[in-house]
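Trainee: Got a predicted model here, sequence first, then my questions.
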Amino acid sequence: MTVGLSVSFFWYQVGSGDFFHSFFSTIAYNLEDNNWGSRYPVIMNQLYQGEINCEELDIALIELEDIYQSLKKFSVDKVVWDIEDLTKRPPWGNNISNDITDLSNYFVTSEGEDLITTFKHALEKAKEMNTRIKIETI
């Protein structure tokens, strides 16, 4: 099954649920001192639980930019595949592209797009349409 971000009838494909969970796990572990949602409550709590309503989109965009800037400071070996089991490693191990230089560009969607850029486009579309953004599985 594929996970993505849904904005009205627009679909932004992410990838597997494990992959998307890794993105959130990496943020919580490295940027929130293993305290899920303490620094980024809209993205880490509201969106992870399913959706962000239109009133919170500006905050989500600010949080996402801070996540991006903060992840730049971490090397790729700091990726967290599953915060509930820190021994788990990504299925591809250390076999990653040389284009990936830090955690800000580590996460690439199943369509080969940068996840943070895709996420930003989805948030901007939701803001433009004045609607919510949801995580959905198809």
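Mentor: Yep, it's here.
Trainee: make it CA atoms for all contacts and neighbour counts henceforth
Mentor: Noted.
Trainee: Do a quick rundown of the strands in the chain.
Mentor: Secondary structure of the chain (DSSP state E): strands at 3-7, 10-15, 51-52, 133-137.
Trainee: Among those, which comes closest to Val76?
Mentor: With CA to CA as the measure, strand 10-15 is the member of the strands of the chain nearest Val76 (19.1 Å).
Trainee: average model confidence for the closest one?
Mentor: For strand 10-15, the mean pLDDT works out to 97.
Trainee: Off-centre distance for it?
Mentor: Mean-position distance between strand 10-15 and its chain equals 12 Å (CA atoms, centre = their mean, to the nearest Å).
Trainee: Output it as PDB, nothing but the C-alphas.
Mentor: The C-alpha trace of strand 10-15 is given here as PDB (Å, rounded to 0.1, in the frame of the first residue of the first chain):
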ATOM      1  CA  PHE A  10      -4.900  16.300  -5.500                       C
ATOM      2  CA  TRP A  11      -2.700  13.400  -4.500                       C
ATOM      3  CA  TYR A  12       1.000  13.700  -3.500                       C
ATOM      4  CA  GLN A  13       2.500  10.300  -3.400                       C
ATOM      5  CA  VAL A  14       5.000   9.600  -0.600                       C
ATOM      6  CA  GLY A  15       5.700   5.800  -0.500                       C
END
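Trainee: From the contact counts, what lies against that strand?
Mentor: strand 3-7, helix 115-129 (3 or more CA pairs under 8 Å, 6 or more residues apart in numbering; DSSP states H and E).
Trainee: could you dump the strands of the chain to TSV with distance to Lys73 and mean neighbour count?
Mentor: Output for the strands of the chain, formatted as TSV (distance: least, CA to CA, whole Å; neighbours: other CA atoms under 10 Å):
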stretch	distance to Lys73	mean neighbour count
strand 3-7	26	22
strand 10-15	23	19
strand 51-52	27	20
strand 133-137	27	20
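Trainee: Now distance to Glu65 too, for the helices and strands packed on strand 10-15, in CSV please.
Mentor: As requested, the helices and strands packed on strand 10-15 are exported to CSV (distance: least, CA to CA, whole Å):
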stretch, distance to Glu65
strand 3-7, 17
helix 115-129, 9
